[in-house]
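# what's the 3D shape of this:
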Amino acid sequence: MTKRKTNITRTVCTALCSFLLLTYSCSDDEEITDESTDTTEEDSDTLSISFTLSDTGQDVFYDADGNEISEPSEGDEYYGQDAQYTGIASSFQDNGDGTVTDLNTGLMWQQTPDFERHNYYDAFDYVDELEIGGYTDWRLPTIKELYSLLYSNGSLDASGSAGSQPYLYDEYFDFEYEENMLYAGQYWSSTKYVKGGLQSTNIEGAFGFNFADGHIKAYETGLYYDGTSGVEDPGCFVRAVRGTENVYGVNDFEDNGDGTVTDNATGLMWQQVDDGNSYDWIDALAYASESELAGYTDWRLPNTKELQSIVDYDKTTFPAIDEDYFTCTDSDSWFWTSTTQGDYKYTACYLAFGKAYSKDNSDATEYYDWHGAGAQRSDPKTGDIDDYILESVNASDSLRIRNYVRLVRD
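So this is what the prediction gives:
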């Protein structure tokens, strides 16, 4: 297998409890003993933040029909998919006290949830009152922090939980399926959807990650977008986190002046403006591997963790990306990742930088922003949309099959 390490500049230190620390520049009269924190007068007031983006863990190659295939060689069809590149492997430590530390990010996690569904606002009260391992400073994770736990070899077996693998490293983290709803493994993040109301009834949403089926979506908080109550909300589960806030997932973009942008927080270089074309997944892989943008020849399609790392969840307008540095030629666009979706391996994951459309059911005709810009869903890798439409009495997601590409390189 071709292996490529992500070149990440680590300025986040791990303390005894693996907390993330901020590296502040020192003033002129302070003695500097560590070269990594050396500063000049011009940048003495700057704040340097970086975080480790771990690999998705996907290590199997798939074709467009979802069949396992041998590793493609450069120039072959399907070359450049997720398993082609191995980044920094996820690394966890069971602390033996009901907590697990992520040795890459420094975040400490609740090992065993209470497996009760909580209303979004009640979830904050739950973590405020939580004491695990002698710690009382637990909180809800942001959606980027929560997604850092993703394990992309997950797969949901509709016949039962025995044949299913959650999208989570369950040798460290406890997880339970709801036997009557195997797909319902949604966990709250603290990240509220701020770009408008959702669904056909204009509700308020907050993001969560579903460790049962591997998707990010915005879920009902119990309120309408105008703040009034009355929305039925089934709630989500909670896995609490502790550690320094506003580090993991915080970007530090730099315009390189050559059509590329570097995120100094992760070390990844990005295509600044997509080429304006939409592709099926097979052609997207080929376009990425053949690109010579800015004179570089090692461009690739980003995996799902990488692409999610540049989503702007705080921005109140579309698209969900920092437009001071990036351009989406279509503000309502979805972008491919190199990662195959485990439940339906004929599909691949995408990130919605525009609205994540669904409709009330398969017979309905009008689509609404249902899951929010910043959602991670999946589309068939190739073919015609009509071949994949299923009847459903529940919300029916829009399909596109042809999505946009934002190139990345290490």
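
# can you list the weak-confidence ranges in the stretch 201-350 of the chain?
Counting by pLDDT under 70, the stretch 201-350 of the chain contains no low-confidence range.

# mind listing the helices for it?
Under the criterion DSSP state H, counting those that start in this stretch, the stretch 201-350 of the chain contains helices at 281-290, 304-308.

# what number of residues lie near the nearest residue to residue 384 once chain neighbours are set aside?
The spatially closest residue to residue 384, leaving aside those adjacent along the chain, is residue 401, at 7.6 Å (C-beta to C-beta, 6 or more residues apart in numbering). For every residue, glycine as well, the C-beta is placed using N, CA and C. With neighbours defined by other C-beta atoms under 10 Å, the count for residue 401 comes to 18.

# so residue 401 touches residue 378, yeah?
No - with contact defined as C-beta atoms under 8 Å, residue 401 does not count as touching residue 378 (10.9 Å).

# Grab the nearest non-local neighbour of residue 168.
Residue 168 sits nearest to residue 211 (C-beta to C-beta, 6+ apart), 4.6 Å away.

# With residue 320 instead?
Nearest non-adjacent residue to residue 320 (C-beta to C-beta, 6+ apart): residue 373, at 3.9 Å.

# try residue 78
residue 72 (4.7 Å).

# That neighbour reaches residue 84, doesn't it?
Yes - using C-beta under 8 Å, residue 72 is in contact with residue 84, at 7.3 Å.

# Which neighbours do these two have in common?
Taking C-beta atoms under 8 Å, 6 or more residues apart in numbering as the contact rule, residue 72 and residue 84 both touch residue 61.

# which of these two has more neighbours?
Legend: neighbour count by other C-beta under 10 Å for residue 72 and residue 84, higher for residue 84 (24 against 19).

# how close does residue 349 sit to residue 202?
As judged by C-beta to C-beta, to the nearest Å, residue 349 and residue 202 stand 28 Å apart.

# Tell me which of these two has more neighbours.
The neighbour count for residue 349 versus residue 202, taken as other C-beta under 10 Å, is higher for residue 349 (30 against 14).

# Is the more buried one bridged to anything, and to what?
residue 378 (DSSP bridges).

# Verify the contact between it and residue 341 for me.
Yes - here residue 349 lies in contact with residue 341, judged by C-beta under 8 Å, at a distance of 5.3 Å.

# tell me, what's touching these two both at once?
214, 378.

# so residue 186 makes contact with residue 208?
Yes - using C-beta under 8 Å, residue 186 is in contact with residue 208, at 4.6 Å.

# Could you name every residue contacting both of these two?
Shared contacts of residue 186 and residue 208 (C-beta under 8 Å, 6+ apart): 217, 219, 236.

# nearest to residue 252, of these?
Residue 252 has its nearest neighbour among the shared contacts of residue 186 and residue 208 in residue 217, at 27.6 Å by C-beta to C-beta.

# show me what contacts that closest one?
So residue 217 contacts 186, 207-208, 210, 356, 370-372, 375, 377 (C-beta under 8 Å, 6+ apart).

# Bridge partners for it, pull those for me.
Beta-bridge partners of residue 217, as defined by DSSP bridges: residue 208.

# Check the gap between it and residue 141 for me.
16 Å.

# how about stretch 290-306: buried residues?
291, 293-294, 299-306 (16 or more other C-beta atoms under 10 Å).

# right, and out of those, which lies closest to residue 92?
Distances from residue 92 to the buried residues of stretch 290-306, taken by C-beta to C-beta, are shortest for residue 305, at 15.6 Å.

# would you put the C-alpha positions of stretch 182-201 in PDB?
Extracted C-alpha coordinates of stretch 182-201, given in PDB (Å, rounded to 0.1, in the frame of the first residue of the first chain):
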ATOM      1  CA  LEU A 182     -30.000   0.200  14.200                       C
ATOM      2  CA  TYR A 183     -29.300   3.300  12.200                       C
ATOM      3  CA  ALA A 184     -30.100   5.700  15.100                       C
ATOM      4  CA  GLY A 185     -26.700   6.300  16.700                       C
ATOM      5  CA  GLN A 186     -26.700  10.100  16.700                       C
ATOM      6  CA  TYR A 187     -24.500  12.000  19.200                       C
ATOM      7  CA  TRP A 188     -24.800  15.700  19.900                       C
ATOM      8  CA  SER A 189     -22.100  18.300  19.300                       C
ATOM      9  CA  SER A 190     -22.300  21.800  20.700                       C
ATOM     10  CA  THR A 191     -22.300  23.300  17.200                       C
ATOM     11  CA  LYS A 192     -25.700  24.900  16.400                       C
ATOM     12  CA  TYR A 193     -26.700  25.400  12.700                       C
ATOM     13  CA  VAL A 194     -26.700  29.200  12.200                       C
ATOM     14  CA  LYS A 195     -27.400  29.600   8.500                       C
ATOM     15  CA  GLY A 196     -31.200  29.400   8.700                       C
ATOM     16  CA  GLY A 197     -34.200  27.200   9.600                       C
ATOM     17  CA  LEU A 198     -34.300  23.600   8.500                       C
ATOM     18  CA  GLN A 199     -36.800  21.100   7.100                       C
ATOM     19  CA  SER A 200     -40.200  22.100   5.800                       C
ATOM     20  CA  THR A 201     -41.200  23.600   9.100                       C
END
